[in-house]
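**Student:** Okay, here's the prediction I keep looking at, along with the sequence it came from:
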Amino acid sequence: MNNEAKIPPQLRRHGWRPFDSAALILIIGVMIWMGWRVLIHFNYPWDWSVIPQFIVSNYGGSLKLGTLGLGLLMTLKLSLWASALGLFFGLLLALARLSRSLYLRLISRTAVEVCRNIPPLVLVFIAFYFLSAQLLPWPYIISLITGISPLFTQAVEFLAVDSRQLGLFFPAVMALGFYEAAYFSEILRGAIISMNKGQWEASYCLGLSRFQQYRFVILPQVFRKSAPQLAGQFISTVKESSIVSVISLAELTYSGQQLSATIHKLFEVWLTVAALYFIFNFALSCLFRRFERRQF
C-alpha cells in the first residue's frame, strides 16, 4: 500500500507555488535591508567574543555551564515540572468536566475559566507573595529536606534547585502548572469527547468499570491522539516560563537580565537569549513532529 495514502491530507507535502516564491523573495529582501541598516546606521560596538563563556566555559580542563547555560537548564527543569503538574491536574479537570456529578462539573468549569482568564504573571505574583510567602513554613521545609540525607538533598538539587531556592521554584512551578492545567484539560477533554462511541460500548460489554474503561481503553488512545496538541502546549510552557523572572528565579530570561546589566552588552546578550530559546524550542518541535509522523 502506498505510504502517502496513510498520511492525513493536512500532513501531506505540497508542491512549490508561485506565491511561496514571492513570499520567500520578500522575506529575504527584508532581511537584507535590515542587515544593511544595522551595518551602516547602527552605531554600536559589537563584541561577540565575550558571549560563549557565559553559555559553556572551560575551567581546569572540564566544561561547565555558564550563566546563560545554567539559566537554560533552569528553564528546562521549570518547564518539565510545570508541564507535569499541568498535565496531571488538567487530566483531573477534564475527567471532572465529563463527570455525571453536577458538583464536579461546576468546580472544574470554574477552575478552568479562572486560570484561562487571569494573566499568568498575576498568578505568579499570587503564588509567590501570598500562597508561598505567607502560608508555607519554608525555613522548616528547607531544614527538613536538608536533614533527611545528603543524597536526598543532591537529588532535589539535580531535579529542581538548591534547597535554599525552593521558595522561588515552588511558586513558579505552581503558578505555571495551574495556568497550563486549564489548557491541558481542554485538549484532553476534546480528545475524550471525540472518541468513537464503539470504544465505550465495547469496553462496557467486556464488563469493565468506568475507571477501567478510562485506564485501559480510553486514555491510552486519548494521549496518543492528542500528542501533537500536548507537545505544542509544552513548548508554550517553555516560552511562558520567562515570566517567572519577575520573582528573581534564575531561569534564562532572568540570567539574561543580570548578565546584560553586568557586562553591558545588551544586544549580544538578548540576541543570544533569543537564539537559545529558538534552538531549544525548534529542536523540541522537530522531535515532536517526528514522533507525530511515526504515529501514522
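**Tutor:** Now that the structure is in, tell me what you want to look at.
**Student:** So which elements touch the host helix or strand of S79?
**Tutor:** In the assignment (DSSP states H and E), S79 maps to helix 67-97. When contacts are defined as 3 or more CB pairs under 8 Å, 6 or more residues apart in numbering; DSSP states H and E, helix 67-97 sits against helix 102-116, helix 166-193, helix 227-240, helix 252-263, helix 266-294. (Glycine included, C-beta is placed from N, CA and C.)
**Student:** helix or strand right after the helix or strand bottoming out on mean pLDDT in the chain?
**Tutor:** Scoring the helices and strands of the chain by mean pLDDT, DSSP states H and E places helix 3-6 at the bottom, with a mean of 52. Next helix or strand after helix 3-6 toward the C-terminus (DSSP H and E): helix 18-41.
**Student:** Mind listing what's buried along the helix holding S79?
**Tutor:** 67-72, 74-75, 77-83, 85-87, 89-97 (16 or more other CB atoms under 10 Å).
**Student:** swap in stretch 195-208?
**Tutor:** For stretch 195-208, the neighbour count (16+ other CB under 10 Å) marks 203, 208 as buried.
**Student:** burial measure for the residue nearest to A133 when sequence neighbours are not counted, as a count.
**Tutor:** Nearest non-adjacent residue to A133, counting by CB to CB, 6 or more residues apart in numbering: G167, 7.6 Å away. Applying other CB atoms under 10 Å, we find 19 residues neighbouring G167.
**Student:** Give me the pLDDT for G167.
**Tutor:** Looking at G167, its pLDDT is 87.
**Student:** any idea which residue sits dead centre in the chain?
**Tutor:** T237 (2.6 Å; CA atoms, centre = their mean).
**Student:** circling back to that earlier point, can you redo the helices and strands packed on helix 67-97 as a markdown table with distance to D20?
**Tutor:** A markdown table is the format used below for the helices and strands packed on helix 67-97 (distance: least, CB to CB, whole Å):
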| stretch | distance to D20 |
| --- | --- |
| helix 102-116 | 36 |
| helix 166-193 | 31 |
| helix 227-240 | 24 |
| helix 252-263 | 34 |
| helix 266-294 | 20 |
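**Student:** so of those helices, which one's packed in deepest?
**Tutor:** Mean neighbour count (mean count of other CB atoms under 10 Å) peaks for helix 166-193 among these, with a mean of 22.
**Student:** Which strands or helices does that one pack on?
**Tutor:** With contacts defined as 3+ CB pairs under 8 Å, 6+ apart, helix 166-193 has these neighbours: helix 67-97, helix 102-116, helix 120-125, helix 138-148, helix 219-225, helix 227-240.
**Student:** what's the angle from that helix to helix 138-148?
**Tutor:** 90 degrees (axes from the mean of the first three to the mean of the last three CA atoms, to 10 degrees).
**Student:** just to revisit the earlier point, tell me which of the helices and strands packed on helix 166-193 lies nearest to R293.
**Tutor:** helix 227-240 (10.1 Å; CB to CB).
**Student:** which residues are contacting that closest one?
**Tutor:** Contacting residues not belonging to helix 227-240 are listed as 75-76, 79, 82-83, 86-87, 120, 176, 179-180, 183-184, 187, 191, 223, 277, 280-281, 284-285, 288, 291-292, 295 [CB atoms under 8 Å, 6 or more residues apart in numbering].
**Student:** Apply 7 Å and report the result again.
**Tutor:** Helix 227-240 is contacted by residues 75, 79, 82-83, 120, 176, 180, 183-184, 187, 277, 280-281, 284-285, 288, 291-292 when judged by CB atoms under 7 Å, 6 or more residues apart in numbering.
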